[in-house]
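*Asks:* Fold the following.
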Amino acid sequence: MSHDLGFFSPKQGATTSEVRAAYLSSCEGENISWPSSGALTSFISALEKEYPCIDTLNDDEVDESPWSCGFDKEEGHIIVSMVFSRASEVGNFVWGLLERHELIVFDPQADKAYIGNNELPEIQESNKWWQFWK
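*Replies:* Sure thing, here's the model as predicted:
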């Protein structure tokens, strides 16, 4: 069992729906268009220094890794998958990093996106003309 999180560069006007769509597209192997930022680059560097990507470890180091698989990393985002038994430890470290690097965080388990402590807004789709009774 694992706990996944997506970290995205800040993007003006981003909504939960937009971040969710980018997350899901990336998980399906699609290249997504998301702006890059120095904050994300710095965050990734600090994260990998403390907890190297499992893909970079020797066979004898893999069992000690908090990651259940390699990172999904592109210019504007990184998606990580933590083994559940280490999620609290890694989460505390990540929280400290997020205090220094303002990023959008998508938690697919809760289906919510945040920037800092603030939840991103959800796009409110207007009803179609035939859904006037809702």
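
*Asks:* what ranges do the strands span in this structure?
*Replies:* Taking DSSP state E to define them, one finds strands in the chain at 2-8, 72-74, 77-83, 104-107, 112-115, 118-119.

*Asks:* Columns mean neighbour count and mean pLDDT on top of the ones you listed, output as TSV?
*Replies:* No exception for glycine: its C-beta is placed from N, CA and C like everyone else's. Below are these laid out as TSV (neighbours: other C-beta atoms under 10 Å; pLDDT from 0 to 100):
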stretch	mean neighbour count	mean pLDDT
strand 2-8	21	95
strand 72-74	16	95
strand 77-83	21	97
strand 104-107	20	97
strand 112-115	19	95
strand 118-119	10	92
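
*Asks:* Relative to V62, which of these is closest?
*Replies:* strand 77-83 (11.0 Å; C-beta to C-beta).

*Asks:* what's the weakest-modelled helix or strand in the protein?
*Replies:* When each helix and strand of the chain is scored by mean pLDDT, DSSP states H and E, strand 118-119 comes last, with a mean of 92.

*Asks:* How far away from the center of its chain is that one?
*Replies:* In terms of C-alpha atoms, centre = their mean, to the nearest Å, the centre of strand 118-119 is set 14 Å apart from its chain centre.

*Asks:* same question, stretch 32-39
*Replies:* With C-alpha atoms, centre = their mean as the basis, stretch 32-39 stands 12 Å off its chain's centre.

*Asks:* Ok, which of the strands of the chain comes nearest L57?
*Replies:* It's strand 77-83; of these, that one is closest to L57 (C-beta to C-beta) at 13.5 Å.

*Asks:* now the strands of the chain in TSV, with distance to S26?
*Replies:* Shown next, in TSV, are the strands of the chain (distance: least, C-beta to C-beta, whole Å):
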stretch	distance to S26
strand 2-8	8
strand 72-74	6
strand 77-83	6
strand 104-107	10
strand 112-115	14
strand 118-119	21
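
*Asks:* which one of those strands lies closest to E30?
*Replies:* With C-beta to C-beta as the criterion, E30 lies closest to strand 72-74 of those, at 10.2 Å.
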